[in-house]
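Q: Next input, structure requested:
(2 chains)
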2 protein chains.
Amino acid sequence: MAERTRDPAALVEGAVSGDRGALARLLSAVEQGGADARSVGRLTFPRGGSGYVVGITGAPGAGKSTLTSAMVGVLRASGDPVAVLAVDPSSPFTGGAILGDRVRMGDHVLDDEVFIRSMATRGHLGGLALAAPEAVRVLDAVGYPWIILETVGVGQVEVEVVGAADTVVVVVNPGWGDSVQANKAGLMEIADVFVVNKADRPGAAETRHDIEQMLDLSPAAANASWRPSVVSTTATTGEGAGALCEAIEAHREHLVASGDLARRRRERLDAELHRILVERLRERAVALGEGARYERVRDAVAARQLDPWSATDELLDAAGP
Amino acid sequence: MAERTRDPAALVEGAVSGDRGALARLLSAVEQGGADARSVGRLTFPRGGSGYVVGITGAPGAGKSTLTSAMVGVLRASGDPVAVLAVDPSSPFTGGAILGDRVRMGDHVLDDEVFIRSMATRGHLGGLALAAPEAVRVLDAVGYPWIILETVGVGQVEVEVVGAADTVVVVVNPGWGDSVQANKAGLMEIADVFVVNKADRPGAAETRHDIEQMLDLSPAAANASWRPSVVSTTATTGEGAGALCEAIEAHREHLVASGDLARRRRERLDAELHRILVERLRERAVALGEGARYERVRDAVAARQLDPWSATDELLDAAGP
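A: So this is what the prediction gives:
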C-alpha cells in the first residue's frame, strides 16, 4: 500500500495521483524539517509552478477561517480543487488538529477536491518561514491550482510567511483602530487586496475610508503599479466572497500582464535561498560548537594558549565545506 | 608617532605603555568589527586575564552613571587605575560622545588613571554582544585592574552584555514596582549585588524588603552558593559607594575562594566562542548569497532546473571551509 511506505518518491507519486494520506505524510515530513523535508523538496520542486497562492492574514478573530471557507465555496463552484494551509505559529499542536480543521471548514469536509491542513513548526529548524513555503510547494507540485495560505498576521514571521503568496489578502474588521493596527504590523505594505470583514457591523464604511486614506498617503502605494483594492464581506453569510475572488483574479491578471508575477516569484525564491543558506550554516554552527574537537579548542582558549578567532578559524577549517 | 600608525601591533604597544589615543583607536577598531577587530583581539587576548570586570545595569534614569562616577572615586582612592565602558545599544552615536562622557564623569576628567569610553555597535556584525566583551578584553590587556561595564539593562542584548562581567550590579530605585520590573527583565537572575540608589527617597526600605523577599522565593538563589547582597546608595552625594565597593570585593573573594571565578569565565568564553562561530557563519551566508556564482545558481532554481537544496549544496561546496 503506497500510503504506508516511507519512501518519499512513492509518497509523491501517491499524492500526485490523489492519495490524500500520502500528501498528509509529505506535509508532515516538511513540518519536521531535516533530511526528509529536503528529500520531499527535491522531489516536488521540479513539478511546481502552476498553482496560484493566495495568502490571507489579519488579527486573531478577524474572521479569516470563515472567509477562507466562503472563498473555497466560490472557487469550488468553478470546478477547481483547492488546498488550504492554515499556519499558526503560536500553537505547537495545530499540526494534528484534524478535528479542529473539520469544524472550521465544516462545509467542505466531504469534498474530495478540498484539502485542508493546519501547520505548526514542530522540528523544522528554519521555522515557519522555511516550512510554510516548502509545504505550499508540495501542494503546488501535487496539482492544486489554488493554494490558500492562512496565517495570523501579528508578528514578523507571519508577515514573512504570508509574503510567500502571489496575492496577499489582509482582513480587518470595522472599528476605529483596526486598520491602524494593520498598518503598524506592516500589513499595509504587503496587502494586494484589503477585506473589511463583518461589514454588517457599524463602522464598516469608516474603516474602508481609513484604508483608502492610508493608501493615498503611503509612498509605497504611490509608486506601485497596483493599488490594493478594498472589498467588504460578511464571511458568516458568504456575502462578498464572490467579489473577493474577483478582486484576487484581477490582481492575478495584473501580475501576469505586468510581468510582476515572475518577478515576485523570483524575489521570493531569492529570499528563500538566503534563508536556507542561513539555516544550513546555523546547523553547522551547532555541530561545530560541540564534541571533542570543540572542547580541546575551548580549553586551549581558556588557558590563553589560543585566541578565540584562531580557535574559530581552526574549527571552521576542520569542518570543511 | 605611534598613535598615528594604523598598525594594530604598534597601537597595542602604545596603549600598554599608557598612550590613551592608541587605546581609543583600538576600541574604535573593535567597535567597527571585521578583520581589524580580529587583529586587535588576537593581539590583546594573550595579555588579558588579570583585570576584574564589574557590570552595572538597571533601567534608564536609575542613576548608573552617577553611581559609576562615585565608585570610580572610591577605587581611585586605593590607587588603582579604572576603565569605564558605557554601552548604549539604543544610540548609534554614543561612540563619539566624548563631551557627554566628560560631563557625566566630570569628577575624573583630569585623572590620567581613569579611562572612560562610550560604545555603540557601529559596524560590528555580531552586535554589542560580541563587541562589548572584545572591548573589555582590550582594556584588560592594556592593564586596567578594574573595568566597569555600564549598560541599560532593559533588553536581552543588554542582559547578555552585562553577563560578561565578573560581578553584576543591578541598580533599582525606591518605589513600588521597580524591583518587579528588574525581575521581569531577567535581572534578578544575573545580579550578584543589588543597589537601591536614591536611597534618600521615600520607599527605599520597602524596595530593599521587596528584593530580599524575591531572593527568598527565587529557586535560583536558593540553590546558589552566593546570596546577592543589597546595598543602599545616594550616588549624588557618594553615600554608600564605599559599601558598594566592599560588597563587590566580598563577591570577588567568594568567586575566587569557591573556584566560581574560573568557572564563570570559562562559561562566558564558551558562550563567546559560539557567538563568534555564528557570526562568522553568518558572514559566510552573506558572501554565499551574492556574486556571479550565486546568480547563476539562483537563475537555475528560478527555471526549475535545480531545486533550492541542491542549489545551496552547490554554493556551500564551492565555498570551501
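Q: Can you report how many residues neighbour residue A:216?
A: Counted with other CB atoms under 10 Å in any protein chain shown, residues neighbouring residue A:216 total 10. Just so you know, the C-beta spots here come from the backbone N, C-alpha and C atoms, and that holds for glycine as well.
Q: so which helix or strand takes in it?
A: Assigned by DSSP states H and E, residue A:216 belongs to helix A:204-217.
Q: Over to residue A:38?
A: Residue A:38 belongs to helix A:34-44, assigned by DSSP H and E.
Q: next one: residue A:148
A: Counting by DSSP H and E, residue A:148 is part of strand A:146-152.
Q: what does that strand contact?
A: Contacting residues not belonging to strand A:146-152 are listed as A:51-60, A:64-65, A:68, A:71-72, A:75, A:80-90, A:132, A:136, A:139-140, A:158, A:161-162, A:164-165 [CB atoms under 8 Å, 6 or more residues apart in numbering or on different chains].
Q: Let's see which of those residues end up in strands.
A: Secondary structure from DSSP state E places A:52-58, A:82-87 of these in strands.
Q: Can I get these in JSON lines including pLDDT?
A: Compiled in JSON lines, the ones in strands among the contacts of strand A:146-152 are given as follows (pLDDT from 0 to 100):
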{"residue": "A:52", "pLDDT": "97"}
{"residue": "A:53", "pLDDT": "96"}
{"residue": "A:54", "pLDDT": "96"}
{"residue": "A:55", "pLDDT": "94"}
{"residue": "A:56", "pLDDT": "93"}
{"residue": "A:57", "pLDDT": "89"}
{"residue": "A:58", "pLDDT": "85"}
{"residue": "A:82", "pLDDT": "95"}
{"residue": "A:83", "pLDDT": "95"}
{"residue": "A:84", "pLDDT": "93"}
{"residue": "A:85", "pLDDT": "91"}
{"residue": "A:86", "pLDDT": "88"}
{"residue": "A:87", "pLDDT": "83"}
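Q: just curious, which of the residues you listed is nearest to residue A:210?
A: residue A:58 (14.7 Å; CB to CB).
Q: Report how many residues lie close to the closest one.
A: The burial count for residue A:58: 29, using other CB under 10 Å.
Q: which one is it nearest to, not counting chain neighbours?
A: Nearest residue to residue A:58, sequence neighbours excluded (CB to CB, 6 or more residues apart in numbering or on different chains): residue A:171, at 3.4 Å.
Q: Tell me the residues on the stretch 1-150 of chain A that lie near chain B, please.
A: Residues of the stretch 1-150 of chain A lying close to chain B (CB under 8 Å from any CB of the partner chain) are A:38, A:41, A:42, A:45, A:46, A:48, A:49.
Q: Show the pLDDT at the first one.
A: Read it as residue A:38. We have a pLDDT of 86 for residue A:38.
Q: Could you pull out the buried residues of the top helix by length along chain A?
A: Scanning chain A for the helix with the most residues, using DSSP state H, yields helix A:260-288. For helix A:260-288, a neighbour-count test (16 or more other CB atoms under 10 Å in any protein chain shown) marks A:260-261, A:265, A:268-282, A:284-285, A:288 as buried.
Q: give me the subset of these touching chain B.
A: A:265, A:269-270, A:272-274, A:276-278, A:280-282, A:284-285, A:288.
Q: coming back round to it: distance from the helix holding residue A:216 to the middle of the chain?
A: 27 Å (CA atoms, centre = their mean, to the nearest Å).
Q: And that helix, what does it pack against?
A: Contacts defined by 3 or more CB pairs under 8 Å, 6 or more residues apart in numbering or on different chains; DSSP states H and E place helix A:204-217 against helix A:178-184, strand A:193-197, strand A:229-233.
Q: 6 Å - rerun?
A: helix A:178-184, strand A:193-197 (3 or more CB pairs under 6 Å, 6 or more residues apart in numbering or on different chains; DSSP states H and E).
Q: looking at the ones you listed, which one has the lowest mean pLDDT?
A: Minimum mean pLDDT among the helices and strands packed on helix A:204-217: helix A:178-184, a mean of 65.
Q: C-terminal to the lowest-mean-pLDDT helix or strand in chain A, which secondary structure element comes first?
A: Within chain A, no helix or strand scores below helix A:98-104, which has a mean of 45 by mean pLDDT, DSSP states H and E. Later in the chain than helix A:98-104, the nearest helix or strand by DSSP H and E is strand A:114-119.
Q: Between strand A:146-152 and that following strand, find me the angle.
A: 30 degrees (axes from the mean of the first three to the mean of the last three CA atoms, to 10 degrees).
Q: Only alpha carbons, please: show strand A:114-119 as PDB.
A: Taking C-alpha atoms only, strand A:114-119 is exported to PDB below (Å, rounded to 0.1, in the frame of the first residue of the first chain):
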ATOM      1  CA  VAL A 114     -10.700  20.300  -1.000                       C
ATOM      2  CA  PHE A 115      -7.600  19.600   1.100                       C
ATOM      3  CA  ILE A 116      -7.200  21.300   4.400                       C
ATOM      4  CA  ARG A 117      -4.100  21.200   6.600                       C
ATOM      5  CA  SER A 118      -3.100  23.100   9.700                       C
ATOM      6  CA  MET A 119       0.500  23.600  10.300                       C
END
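Q: what angle do it and strand A:82-87 make?
A: 10 degrees.
Q: of all the residues of the stretch 1-150 of chain A next to chain B, which comes closest to residue B:144?
A: residue A:38 (50.7 Å).
Q: Roughly how far does that closest one sit from residue B:137?
A: 40 Å (CB to CB, to the nearest Å).
Q: ok, the two, which is more surrounded?
A: residue B:137 (25 against 22).
Q: which residues touch the more buried one?
A: Residue B:137 makes contact with B:44, B:48 under the criterion CB atoms under 6 Å, 6 or more residues apart in numbering or on different chains.
Q: change it to 7 Å
A: B:41, B:44, B:45, B:48 (CB atoms under 7 Å, 6 or more residues apart in numbering or on different chains).
Q: Which two of these have the greatest separation?
A: B:41 and B:48 (10.1 Å).
Q: Specify which residue of those two has the higher count of neighbours.
A: residue B:41 (24 against 17).
Q: you'd agree that one is up against residue B:136?
A: No. Counting by CB atoms under 7 Å, residue B:41 stays clear of residue B:136, with 11.3 Å between them.
Q: pLDDT below threshold where in chain A?
A: A:1-6, A:88-107, A:109, A:120-127, A:153-157, A:176-185, A:219-223, A:319-321 (pLDDT under 70).
Q: Which positions in the stretch 201-321 of chain A make contact with chain B?
A: With the criterion set to CB under 7 Å from any CB of the partner chain, the stretch 201-321 of chain A comes near chain B through A:266, A:269-270, A:272-274, A:276-278, A:280-282, A:284-285, A:288-289, A:298, A:301-302, A:304, A:307-312, A:315-317, A:319-321.
Q: at 8 Å instead, please
A: Residues of the stretch 201-321 of chain A lying near chain B (CB under 8 Å from any CB): A:265-266, A:269-270, A:272-274, A:276-278, A:280-282, A:284-285, A:288-289, A:294, A:297-298, A:301-302, A:304, A:307-312, A:315-321.
Q: The host helix or strand of residue A:23 vs helix A:34-44, what angle?
A: Using DSSP H and E, the element containing residue A:23 is helix A:20-32. Orientation check (the same axes, to 10 degrees): helix A:20-32 against helix A:34-44 gives 130 degrees.
Q: and helix A:20-32, what other elements does it pack with?
A: helix A:8-16, helix A:34-44, strand A:114-119, helix A:128-141.
Q: Pick the most deeply packed of these.
A: helix A:128-141 (a mean of 26; mean count of other CB atoms under 10 Å in any protein chain shown).
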